[in-house]
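In: Fold the stuff below for me.
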Amino acid sequence: MTAAAQLVKPVSLELGGKSPLIVFEDVDLDKAAEWAIFGCFWTNGQICSATSRLIVHESIATEFLNRMVKWIKNIKISDPLEEGCRLGPVVSEGQYEKILKFVSNAKSEGATILTGGSRPEHLKKGFFVEPTIITDVTTSMQIWKEEVFGPVLCVKTFSTEEEAIDLANDTIYGLGAAVISNDLERCERVTKAFKAGIVWVNCSQPCFTQAPWGGIKRSGFGRELEEWGLDNYLSVKQVTQYISDEPWGWYQPPAKL
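Out: Numbers count the residues shown, from 1 in each chain. Got it, this is the predicted structure:
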């Protein structure tokens, strides 16, 4: 954006995210657990819109996390070319070290590594990181605030809808957000309250070329995909044609000589 400003060129920016996923107490635990896992661990968490902050109702939190751990243990972590692989390596050694540093910092700040947080035991080579869930997280921790860009999910609980919304919007980013509940009226309220450019209801991450893609706040501006994506490359021109036979009449005509 700085470089473009020198030439007064417009830019469209799709940047980072730290997207929330709110799970209410009335959900099917297994369906919601799969969406929570997919929302954060799809593409090894290397996606800007990953719903990497799980905000789950306190009444179901323990059981829900237990279900998630069971699902995670069933994920095949392997060479991406192997049949059935659902989680491969991260993109580089530098990113691998960065992710492990995030996990280490979270632990040193007082969080709990519920599952994962290291290299899978059966893989001795490659930059593999286990799907990781971190609990006992506070809003002041790095893991809550910063984008990891890896398979790391941090968790907080809530008791009221208002608290859940406040936690969801407690971020400098505004790319994606998701809510899971059987109460569709509640989903609609939460959807409207989310400060994000992309919202999923009872799912996380399905993407379609027909829908606009982009965020607000430090997640950028402008939209990609469909007609909204084309708008970034167009400039509107105004053309006005005067069609009356009468003069404009703003000024008095000069006296005839």
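In: what pLDDT does the residue nearest in space to the middle of the chain get?
Out: Against the mean C-alpha coordinate of the chain, by CA atoms, centre = their mean, the closest residue is Ser49 at 2.8 Å. At Ser49, the pLDDT value in this model is 97.
In: Now it: closest residue in space that isn't a chain neighbour?
Out: Gly176 (3.8 Å; CB to CB, 6 or more residues apart in numbering). Glycine gets a C-beta too; all of them are placed from N, C-alpha and C.
In: What of Glu14?
Out: In this structure, Glu14 finds its nearest non-sequential neighbour in Gly220, 5.1 Å apart by CB to CB, 6+ apart.
In: Tell me, how many residues neighbour the residue nearest to Ser49?
Out: 29 (other CB atoms under 10 Å).
In: Can you identify each of the helices in the chain by residue range?
Out: Here the chain has its helices, by DSSP state H, at 2-5, 29-41, 61-73, 93-108, 142-145, 161-168, 184-193, 226-231.
In: Compare the ones you listed and give me the one nearest Lys124.
Out: Closest of the helices of the chain to Lys124 is helix 93-108, at 13.8 Å (criterion: CB to CB).
In: Only the buried residues of that closest one, if you could.
Out: Under the neighbour-count criterion of 16 or more other CB atoms under 10 Å, helix 93-108 has Gln95, Tyr96, Ile99, Leu100, Phe102, Val103, Ala106 buried.
In: cool, and stretch 70-89?
Out: Buried residues in stretch 70-89, counted by 16+ other CB under 10 Å: Trp71, Ile72, Ile75, Ile77, Ser78, Arg86, Leu87, Gly88, Pro89.
In: for the first one, what are its contacts?
Out: Remark: with contacts taken as CB atoms under 8 Å, 6 or more residues apart in numbering, Trp71 is in contact with Asp30, Ala33, Glu34, Ile37.
In: With adjacent residues omitted, what lies nearest to the last one?
Out: Distances taken as CB to CB, 6+ apart put Trp71 closest to Ile37, at 5.5 Å, once the chain neighbours are dropped.
In: just to revisit the earlier point, closest to Ile60 out of the buried residues of helix 93-108?
Out: Ranked by distance to Ile60 (CB to CB), the buried residues of helix 93-108 are led by Ala106 at 23.0 Å.
In: in terms of contact, does that closest one touch Thr135 like I think?
Out: No. Applying CB atoms under 8 Å as the test, Ala106 and Thr135 come out as separate, 9.8 Å apart.
In: Contacts for the longest strand belonging to the chain, please.
Out: The longest strand of the chain (DSSP state E) is strand 152-158. With CB under 8 Å, 6+ apart as the test, strand 152-158 has contacts from 22, 36, 40-41, 45, 52-58, 61, 65, 99, 102-103, 106, 111, 114, 116, 129, 131-135, 137, 139, 141, 143-144, 164, 167.
In: In contact with the residue nearest to Ser49, which residues are there?
Out: Going by CB under 8 Å, 6+ apart, Gly176 touches 17, 19, 49-51, 196-200, 204-205, 215.
In: If I look at it, what pLDDT would I see?
Out: Gly176 is given a pLDDT of 98.
In: Ok, Leu257 next?
Out: For Leu257, the predicted pLDDT is 60.
In: just use 340 as the starting number from now, easier for me
Out: Yep, numbering from 340; the last one is Leu596 now.
In: Of the buried residues of helix 432-447, just say which sits nearest to Tyr572.
Out: Closest to Tyr572, out of all of those and judged by CB to CB, is Gln434, at 31.6 Å.
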